[in-house]
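> coordinates for the following, if possible.
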Amino acid sequence: MLGHDLPEELDQFLTAREDELIAFRRDLHAHPELGYHEHRTTNRVSLRLAAAGLRPVILPKGHDVHTSVLLGAGLFLAGQAAAGTLPGRVRLIFQPAEEVPGGALDVMAAGGIASVDRIFTLHCDPRLDVGKVGTRTGPITAACDKIKVRVTGPGGHTARPHLTADLVYALGKIVTELPAALSRRVDPRSSLSLVWGRVSAGSAANAIPDDGVVEGTVRCLDDEAWHEAPDLLKALLESVASAYGVIAELHYQRNVPPTVNEPVSTAILETAAAQVLGHEAVTPSPQSLGGEDFAWYLESVPGSLARLGTRAPGSGADFDIHQAVFDVDERAIGVGVRLMAATALTALHANGPTVPDRMPDGVGA
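Reported below is the predicted structural model:
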């Protein structure tokens, strides 16, 4: 258990720093940068960390609230380290390209999670009130992959479909039968689903085209089913296409695996939340079929993702992320700082007492 004075220490820290963190968030929000081009954001974060006596390592190549929360947690923990009360090492990961598949993989390739024992993160949730934290053990977000099917045939006239391959009809069968067949070949508890988003073929009403394309996403909550999905889809596609005399080519693009929260790490996060936010702050988070690249870290390191409430209590608005009108109640920054700092400390204490000549391996945040 952490000391009873931790909530008070966090209160004192945020009294001095919360306005700075909110201003920092607003500055990042006013200067958005695309994935892999977060140059100004990186410079701002690294300079602030360096000013606190830390030694940031720039990754090879930001969500404003997430970045501000992690910065605040880092500054608080740096103060703990300076006072000699930090019982181990904590690594802050300001990951680039969170919305572009590959950012987490680049962090891993650069050694970003090497020697890390546990890893934690928060993601804003505009459907959850400020002060609330959504947690869940097991799958919390889904794998999200993209597929593209290109169908080819000889083409011909709509008056004589029997003399050619009716490509549009075959494409329609692929669109309808592939998701149906998929749902009967896997355990329904895996929530493996295929949903199409684009279909295109032909340019004239009386001509059977020789080429057509359909694109969609594959989502799944089960890691084993996710790994099996490409081969299963390829076999099902070939079965449907061959029945109509067309050739179907599958392009399967891996994006992210399912985010599966490890039980002990989730318990650590919930314990920390109860101590610095109150037991009533912790609420069950529903599963989402959205993708989250934090999942790549969890393939190698036990950890947990939690939802950070950003909606003003009593607000009638019910926004969703990625909406143009989305905004946050900035009190969420202080809540996030409390939670991330307390989670890091709880995780370090859970590792056991510090050995004098060797600090415990890192806790990622």
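> now for the chain, the helix or strand with the poorest mean pLDDT.
Counting by mean pLDDT, DSSP states H and E, the chain has its least confident helix or strand at strand 362-364, which shows a mean of 56.
> show me where the protein has strands.
Assigned by DSSP state E, the chain shows strands spanning 90-91, 116-129, 133-135, 138-141, 143-152, 156-157, 193-201, 207-208, 211-220, 247-256, 259-261, 282-284, 303-311, 362-364.
> out of the ones you listed, which gets nearest to residue 179?
strand 193-201 (4.4 Å; Cβ to Cβ). In this view, the C-beta of every residue, glycine as well, is placed from N, C-alpha and C.
> and for the closest one, what are the contacting residues?
147, 151, 167-168, 171, 175, 178-179, 182-183, 209, 211-220, 233, 289 (Cβ atoms under 8 Å, 6 or more residues apart in numbering).
> make a ChimeraX selection of whichever of those residues turn out to be buried.
To isolate the buried ones among those in ChimeraX, judged by 16 or more other Cβ atoms under 10 Å, type:
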select :147,151,167,168,171,175,178,179,182,209,212,214,215,216,217,218,219,220,233,289
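> let's see the pLDDT reported for the spatially closest residue to residue 177 that is not a sequence neighbour.
The spatially closest residue to residue 177, leaving aside those adjacent along the chain, is residue 240, at 5.3 Å (Cβ to Cβ, 6 or more residues apart in numbering). As predicted, residue 240 sits at a pLDDT of 94.
> neighbours around residue 240, how many?
Using other Cβ atoms under 10 Å, the number of residues around residue 240 comes to 19.
> what does residue 16 give?
The local packing of residue 16 (other Cβ under 10 Å) involves 10 other residues.
> repeat that for residue 310.
By other Cβ under 10 Å, the residues close to residue 310 number 27.
> so for it, what's the pLDDT?
The per-residue pLDDT reported for residue 310 equals 91.
> domain parsing for the protein?
Annotated domains of the chain cover 6-140+258-364, 143-256 [automatic domain parsing].
> hey, which of these is tucked in deepest?
Across these, averaging neighbours per residue (mean count of other Cβ atoms under 10 Å) puts domain 6-140+258-364 on top, at a mean of 18.
> so how far is that one off the chain centroid?
Offset of domain 6-140+258-364 from its chain centre (Cα atoms, centre = their mean, to the nearest Å): 12 Å.
> closest to residue 340 out of the strands of the chain?
Closest approach to residue 340 among these is made by strand 116-129 (6.7 Å; Cβ to Cβ).
> who are the packing partners of the closest one?
Applying 3 or more Cβ pairs under 8 Å, 6 or more residues apart in numbering; DSSP states H and E, we find strand 116-129 packed against helix 64-82, strand 133-135, helix 263-277, strand 303-311, helix 331-350, strand 362-364.
> point out where this structure drops to low pLDDT.
1-4, 31, 33-38, 59-61, 63-64, 97-101, 316-327, 352-365 (pLDDT under 70).
> in contact with the spatially most central residue of it: list those residues for me.
Nearest to the geometric centre of the chain sits residue 292, at 2.0 Å (Cα atoms, centre = their mean). For residue 292, the contacting residues are 123, 140-141, 256, 259, 305, by Cβ under 8 Å, 6+ apart.
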